[in-house]
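> build the 3D model from these lines:
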Amino acid sequence: MLTSEGEQVDNYYMYTSAVVYRLLHKEETRIKRNDIDVIVMVTEDVADWKLRGLHNLGAIIKRVNKITLDIKNINERWRNCYTKLRMFGMTEYDTIIYLDADLYIKKNVDELFDLANDIRNTTGRNDFFGAVTDSPIKINYNNRERKGMLNAGIMILTPEIALYNDLIELAPKIELYDKRFMEQGLLSYYYSDTNNLFNRTRYHLDPRYNAQWLSDSVFNEYYDKVYIIHQKLGNTEHAKSKQVQKDIFNSIVEWMSFANNEKIDISYD
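Sure thing, here's the model as predicted:
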């Protein structure tokens, strides 16, 4: 999902483009199946030249209207996050894997579609929702089904109109959930590990698919094990790995080289 306003190049446009590049063109990470679309949800403020750039990479552009709520004292970076809820109504798809823009994809993740299908077949339920608990990789890896708030950076879901309507109805009722975490708080309430008020089940996705806070102190232990690392460039997060910062930087340079059809030589150091 891209909600960047204005004409300037911004981090999230670069993150999104690098993710699309790795999903569609990078040999070790690209999608191998022919029944998977790569979609970028974009809001009305995204500049046309950014849409053209993403389209030229092979992404399907899906325009959606923002979902905004009047919530005070929120992190400005998260103000458009409720717009993620739009995908829960995209019933033209059997399964959606949602990926935040600020992800570094290390390995192919086609198998996540099979996981959703296998669980549906095993449980006999038509719905499926999977996510990793919001916690550092070290804690999650050693406690694979740790209860608590989910992390909405990677989600696997079955779209459904009734589900979408539930979420849209519940979103303004900020007294029910932890509004500080926006849609993440809402989804953690809806897919609760403890009370199951809405007859929905939450599958605890293996933390290797959303490695959070992979700092230098645990880098050697987990780097080769994980499929996707959740981390931003710059100083917006405290616990981060210098090597992962370099990986993210280099993935952006690779996308730029591919998009411009010429090698761009920029060193992280």
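
> ok, residues contacting the least confident helix or strand in the chain by mean pLDDT?
For the chain, the helix or strand with the lowest mean confidence is helix 111-123, at a mean of 92 (criterion: mean pLDDT, DSSP states H and E). Contact with helix 111-123 is made by 33, 36, 94-95, 97, 126-128, 130, 156, 158, 201, 203, 209, as judged by Cβ atoms under 8 Å, 6 or more residues apart in numbering. To be clear about C-beta, it is placed using only N, CA and C from the backbone, and glycine gets the same treatment.

> now with 6 Å?
Outside helix 111-123, the residues that touch it by Cβ atoms under 6 Å, 6 or more residues apart in numbering are 95, 97, 128, 156, 203.

> with stretch 219-235 instead?
Contacts with stretch 219-235, where a contact means Cβ under 6 Å, 6+ apart, come from 102-107, 109, 137, 153, 208-212, 214, 240-241, 244, 248.

> could you count how many residues lie near residue 240?
If you count neighbours by other Cβ atoms under 10 Å, residue 240 ends up with 21.

> mind checking how far it is from residue 102?
11 Å (Cβ to Cβ, to the nearest Å).

> got it, and residue 174?
From residue 174 to residue 102 the distance is 25 Å (Cβ to Cβ).

> okay, those two: which has more neighbours?
Neighbour tally, residue 174 and residue 102, criterion other Cβ under 10 Å: the higher count belongs to residue 102, 21 against 16.

> now, of the contacts of stretch 219-235, which are buried?
102-106, 109, 137, 153, 208-212, 214, 240-241, 244, 248 (16 or more other Cβ atoms under 10 Å).

> from those residues, which land in strands?
Members of these lying in strands (criterion: DSSP state E): 103, 104, 105, 153, 211, 212.

> run the chain-centre distance for the biggest helix by length in the chain.
Looking across the chain with DSSP state H, the single longest helix is helix 242-260. Distance of helix 242-260 from its chain centroid, counting by Cα atoms, centre = their mean, to the nearest Å, is 18 Å.

> so residue 149 touches residue 190, yeah?
No: applying Cβ atoms under 6 Å, one finds residue 149 not in contact with residue 190, separated by 11.9 Å.

> nearest to residue 255 among the contacts of helix 111-123?
Lowest distance from residue 255 to those (Cβ to Cβ) belongs to residue 97, with 20.0 Å.

> which strands and helices sit next to the helix or strand encompassing the closest one?
Element membership for residue 97, per DSSP states H and E: strand 96-99. The contact analysis (3 or more Cβ pairs under 6 Å, 6 or more residues apart in numbering; DSSP states H and E) places strand 96-99 against strand 150-157.

> strand partners of the strand it packs on, parallel vs antiparallel please.
Strand 150-157 has its sheet partners listed here by DSSP bridges as strand 96-99 (antiparallel), strand 129-133 (antiparallel).

> ranking those by burial, who's on top?
Across the strands paired with strand 150-157, averaging neighbours per residue (mean count of other Cβ atoms under 10 Å) puts strand 129-133 on top, at a mean of 23.

> list of residues touching that strand?
So strand 129-133 is contacted by 140, 146, 148, 150-151, 155-157, 191, 202-203, 205, 207, 210 (Cβ under 6 Å, 6+ apart).

> how about stretch 88-96?
For stretch 88-96, contacts defined as Cβ under 6 Å, 6+ apart pick out 87, 113, 116, 157, 159, 163, 164, 167.
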